[in-house]
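Engineer: Provided below are the primary sequence and the corresponding predicted coordinates.
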Amino acid sequence: MQNITDQALVKTESYIDGHWVASTAKIAVCNPANGEVLVNISDANPEIAEQAVVAASKALASWSAKSAQQRSDILRKWFELMIQHQDDLGRILTLEQGKPLAEAKGEIAYGASFIEWFAEEGKRVYGDVIPAPSGDKRILVIKQPVGVVAAITPWNFPNAMIARKAAAALAAGCTFVVRPATQTPLSALAMAELASRAGIPAGVFNVVVGEDASGLGKVLTEHPLVAKFTFTGSTGVGKKLIAQCASTVKKVSMELGGNAPFIVFDDADIDAAVQGALVSKYRNAGQTCVCTNRILVQRKVHKAFCEKFIAAVQDLKVGDGLSSGTQIGPMITTKAASDVHELVQQSIALGAELVLGGRRAEQGDNYYLPTVLTNVTNDMPIANNEIFGPVSPIICFDDESEAIELANATEYGLAGYFYSRNIGRIFRVAESLDFGMIGVNEGAISNAAAPFGGMKQSGNGREGSRYGLDDYLEIKYLCLGGMESHS
């Protein structure tokens, strides 16, 4: 951590009510590239999480009472500080998460873009005047902040997953408590330091870092002072958290697992499809919820696509995220690499053909080589499980209807992609795919202006865009009587 220019960004304690809160128990934060301990941070218990919720509740009235412009000005300052410290924040992110430094800096800009977006969008929370059924009444609709928001975020995007939730919540006038993943808490704590510098008042933005996932989760999902809970992570964990929120009927939004199809039709630009698949599949070593999970290629262009795609994958450089030119960093843990390898081996045993990779890289147990499998069927483990690693299973199909059927044959519905130059097909397929986000001739679809979220068991609610404020607002109907005219 010595190469961080602003050492005050390296925090080792939870941030609650404007203070750094220590505890005797510690958690080691390790660099996945080499296993070295970066720092030891305080391990918060459920009592500390409750302190954070209470602090957020106490801060709610004054924060929500600020004008939208006042909140916007503070959020704008937070955005500017994130951009100003992009290099340090990116290095911290790479050290704790592993992704290449260029990607990490890109994530900082991406996360900051949500703060910038909602700093502006928060000024556009409009109500309505509805024609009344009689002349003596007036019907008004106003929108107000839902209240205290609690969040649990994952390790794969430790800055952006917090930023796009917190920015919307704070812009709407809510206060916020987040429990980041214990593998990657340093990015969250650095964001808290910058939040403090930006003038976000004590109690408005709180970060609780602790290993007791069950105990901390219980506080954040069941505490009566929490009005809304938001989670990004696996579908299995999400279901449990939704059930816990039911006891107090909280508003919930969930961004859960994915099994994204990437369809290449015979009328596609093959070179563009290859590049799109590379971007979608191998960013962050395949550890993204919207990354391509299955590549479906029409039989007529199957050979041509595979040849070009395999050649491109073979050129990807594996290494430490801080090393120049690295495109594939380590996976987050040795177990994560082992889980991916097991999926590969199970599918090979069922008839998949390994044409590239399929083993650990020489850099260490956390590294997995970019891998390509052909002769894959949709019922193999590598196709019907979320891979979360740098493996591309390629499936051959014959016609459009088969491609749609194969793509939709999953419980997930987060993101999907396809390449075609036929305008009729583009509309037919886009409307037929059961996914919340569709990339058409594009492998990178995320941006602050667009609604991010899924269908089916990939969750509910949307993040980013003008729709992203809705999950943090309550609609209130006002009926004004006694408005009859007096002559």
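Structural biologist: Everything's here; your move. Residues are numbered from 1 along each chain as shown.
Engineer: Tell me how many other residues crowd the nearest residue to residue 27 once chain neighbours are set aside.
Structural biologist: With C-beta to C-beta, 6 or more residues apart in numbering as the criterion, residue 27 has its nearest non-adjacent residue at 4.8 Å, and that residue is residue 43. Backbone N, C-alpha and C define where each C-beta goes, glycine included. A count of neighbours around residue 43, defined by other C-beta atoms under 10 Å, yields 17.
Engineer: Distance of residue 43 relative to residue 171?
Structural biologist: Using C-beta to C-beta, to the nearest Å, residue 43 is found at 31 Å from residue 171.
Engineer: re earlier: give me the pLDDT for the residue nearest to residue 27.
Structural biologist: Per-residue pLDDT puts residue 43 at 97.
Engineer: Equivalent analysis for the one 4 residues further on, please.
Structural biologist: The model reports residue 47 with a pLDDT of 97.
Engineer: on that earlier part again, check contacts around the residue nearest to residue 27.
Structural biologist: The contact partners of residue 43, by C-beta atoms under 8 Å, 6 or more residues apart in numbering, come to 23, 25-27, 209-212.
Engineer: neighbour-wise, which of the residues you listed leads?
Structural biologist: Busiest of the contacts of residue 43 [other C-beta under 10 Å] is residue 209, holding 29 neighbours.
Engineer: so which strand or helix has it?
Structural biologist: Assigned by DSSP states H and E, residue 209 belongs to no helix or strand.
Engineer: Now do it against residue 296, distance only.
Structural biologist: Distance of residue 209 to residue 296, computed by C-beta to C-beta: 41 Å.
Engineer: for residue 397, same thing?
Structural biologist: Look at residue 397 and residue 296: by C-beta to C-beta, they are 5 Å apart.
Engineer: cool, residue 316 as well?
Structural biologist: 22 Å.
Engineer: which stretches of the chain form helices?
Structural biologist: Applying DSSP state H to the chain gives helices spanning 46-65, 68-84, 86-97, 101-121, 160-172, 186-198, 213-222, 235-245, 270-282, 299-314, 334-349, 381-384, 400-408, 423-432.
Engineer: how big is the angle separating the fifth one from helix 68-84?
Structural biologist: What that stands for is helix 160-172. Comparing the axes of helix 160-172 and helix 68-84 via axes from the mean of the first three to the mean of the last three C-alpha atoms, to 10 degrees yields an angle of 160 degrees.
Engineer: Give the buried residues for stretch 225-244.
Structural biologist: Buried positions in stretch 225-244, judged by neighbour count with 16 or more other C-beta atoms under 10 Å: 225-233, 235, 237-238, 241-242, 244.
Engineer: for the residue nearest in space to the middle of the chain, what are its contacts?
Structural biologist: Most central in the chain under C-alpha atoms, centre = their mean is residue 161, positioned 4.4 Å from the mean C-alpha point. By C-beta under 8 Å, 6+ apart, residue 161 lies in contact with 153-154, 232.
Engineer: just to revisit the earlier point, out of the helices of the chain, which is closest to residue 460?
Structural biologist: helix 235-245 (9.2 Å; C-beta to C-beta).
Engineer: and the gap between the nearest residue to residue 271 once chain neighbours are set aside and residue 369?
Structural biologist: Excluding the flanking residues, the one nearest residue 271 by C-beta to C-beta, 6+ apart is residue 308, at 6.9 Å. For residue 308, the distance to residue 369 (C-beta to C-beta) stands at 19 Å.
Engineer: more neighbours, those two?
Structural biologist: residue 369 (19 against 16).
Engineer: where does that one land on pLDDT?
Structural biologist: Residue 369 is given a pLDDT of 97.
Engineer: wait, isn't it in contact with residue 361?
Structural biologist: Yes - at 4.9 Å, residue 369 counts as touching residue 361 under the criterion of C-beta atoms under 8 Å.
Engineer: Pull up the overlap in contacts between those two.
Structural biologist: residue 318.
Engineer: returning to what we had before: using TSV, please lay out the contacts of residue 161 together with pLDDT.
Structural biologist: Shown next, in TSV, are the contacts of residue 161 (pLDDT from 0 to 100):
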residue	pLDDT
153	98
154	97
232	96
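Engineer: Closest one of the residues you listed to residue 37?
Structural biologist: Residue 37 has its nearest neighbour among the contacts of residue 161 in residue 154, at 21.4 Å by C-beta to C-beta.
Engineer: What are the phi and psi values at the closest one?
Structural biologist: Main-chain torsions, residue 154, degrees, to the nearest 10: phi -90, psi 180.
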